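[1] any chance you can model this:
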Amino acid sequence: MECKDRVSTYFIIAGLLILMGASLVVHGLLSASITISTSGRISRVSWLHTSGTELYDSNNNLTRLYLAVIHDGQGFHVSQSDIQHIADMGFKGVRFFIYWGICQPTANSITSAYFSSGTGEPGRNAIDDIVNWCYAAGLYVLLCPGWGSYWQPPTWAISASGLTCPDDPGGAHVDFLNSATVQAGVNYLYSFMAQRYALYSNVMFESFNELESESRPCSASERQLFADFNNMWISAIEANEGSTSHIKVLQLFYDWNSVNYVVNTPFLSGSHSNIILAVHSYPLAKSPYSEVHRIGTAWANFAHGQNYPLTCTEGSNQQGGDLAQWASEIDLLGFVGFGYFNFASPTDNQFYNLNYAPSAPAILAVLQPYMSRY
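    All right, here's what the predicted structure looks like:
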């Protein structure tokens, strides 16, 4: 949603193989991942896998992913101590945005310095640092590409028609479902990230943030195109992650209907493993429990009826809703995770650190009992 204002020593990050010497832009797919140290591994950063509607670690222990959602689009810098504090509060990971228009200047190139040193990143945050600091702290990291009104898509992807994003109301259109150029670019981005973080057990990949249907209600033909698009980027990850299998989080199609998402098939073509479906939820102050329960139940029934786990990767009480009510619903309905948004506020100019916010004790009091179970 718009205005979600928002989060040295670390594991060895060796140089990324760059095909054009010292160039900051990588052209063509890479053939190798970052070289990482295997010393001092944190055993609790387990490879995750799905089975039916549940999420498990490598020892087949049931788990839940309570994430701190970091939205640094207004320039907040994240330090290693910030990441450690998130872990100390009991969260299992962070959700971090990849600003598409900054990191991918053409459909077949990536600005590698965006990932290695934070060049152009709004908070000067190197994604490699975030990933490694999370690993050192025993946290997962969910990487989510997207755009909004003040961080636009790359110019090569913008078109007169196509899908929109609620973060950019009345703004850019991107033809994800029909444009071969856009689809090639999306494949390139996910292939790049899958190769780069192939060896990291703590990295998960999410679909583009809050893609919104063109037709209202969403047509059967558009649903099929959406399903084929999802098959495409997930296949790109699978083809480039090596022998590992990372979690892929697929946000349902946003439609502004009675339950806000398209709860109808198809949504994914092909055969894939380790897929989690996702929604976002910001309950309003005026929303009665019956309405929250009705919508949450519709989402859960749809995902579980298709034999997929369901998570809420973004949500909070910033719209005045009852956080305790929604946290209880998520647990009751069998969601496998919840991403609390957000840890930055333009009013107090503080980053994610909940200890700085007046509402911090109340927020943690609601979430920590659920987080501590897994």
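[2] and the contacts of stretch 261-270?
    Where contact means Cβ atoms under 8 Å, 6 or more residues apart in numbering, the residues beyond stretch 261-270 that reach it are 213, 217-218, 223-224, 226-228, 230-231, 234-235, 250, 252-255, 275, 277, 279, 298-299, 301-302, 306. Where C-beta positions appear, they are placed from N, C-alpha and C, glycine not excepted.
[3] just the mean pLDDT for it, thanks.
    Confidence for stretch 261-270, expressed as mean pLDDT, is 95.
[4] before we move on, what about stretch 361-368?
    In this model, stretch 361-368 carries a mean pLDDT of 82.
[5] switch to numbering from 329
    Will do, 329 is the new start, and the previous item becomes stretch 689-696.
[6] for the helix or strand containing residue 461, packing partners?
    Here residue 461, judged by DSSP states H and E, is contained in helix 455-464. Counting contacts by 3 or more Cβ pairs under 8 Å, 6 or more residues apart in numbering; DSSP states H and E, the secondary-structure elements packed against helix 455-464 are helix 408-416, strand 421-427, helix 440-444, strand 468-474.
[7] all strands of the stretch 479-628 of the chain, in order?
    With DSSP state E, counting those that start in this stretch applied, the stretch 479-628 of the chain shows strands at 486-487, 501-502, 531-534, 576-579, 603-609, listed in chain order.
[8] can I get those in TSV with distance to residue 415, mean pLDDT and mean neighbour count?
    Written out in TSV, the entries for these read as follows (distance: least, Cβ to Cβ, whole Å; pLDDT from 0 to 100; neighbours: other Cβ atoms under 10 Å):
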stretch	distance to residue 415	mean pLDDT	mean neighbour count
strand 486-487	38	94	17
strand 501-502	35	94	21
strand 531-534	16	98	24
strand 576-579	20	98	23
strand 603-609	22	96	23
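[9] distance to residue 432 added to those, as CSV?
    Conversion of the strands of the stretch 479-628 of the chain to CSV gives the following (distance: least, Cβ to Cβ, whole Å):
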stretch, distance to residue 432
strand 486-487, 13
strand 501-502, 12
strand 531-534, 15
strand 576-579, 19
strand 603-609, 22
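[10] between these, which one is closest to residue 587.
    Of all these, the one in closest proximity to residue 587, counting by Cβ to Cβ, is strand 603-609 (8.9 Å).
[11] under the pLDDT cut-off, which ranges of the protein? List them.
    Confidence mapping of the chain against pLDDT under 70 gives the ranges 329-372, 400-402, 670-688.
[12] who is the closest residue in space to residue 537 that isn't next to it in sequence paired with across the strands?
    Setting aside the residues directly before and after it, residue 537 is nearest to residue 474 in space (Cβ to Cβ, 6 or more residues apart in numbering), at 3.2 Å. Here residue 474 sits in beta bridges with residue 427, as judged by DSSP bridges.
[13] can you check the one 5 residues further on too?
    Here residue 479 sits in beta bridges with residue 476, going by DSSP bridges.
[14] surely it meets residue 430?
    Yes: counting by Cβ atoms under 8 Å, residue 430 is a contact partner of residue 479 at 7.0 Å.
[15] name the nearest residue to residue 468, ignoring sequence neighbours.
    By the measure of Cβ to Cβ, 6+ apart, the closest residue to residue 468 outside its immediate chain neighbours is residue 421, 3.2 Å from it.
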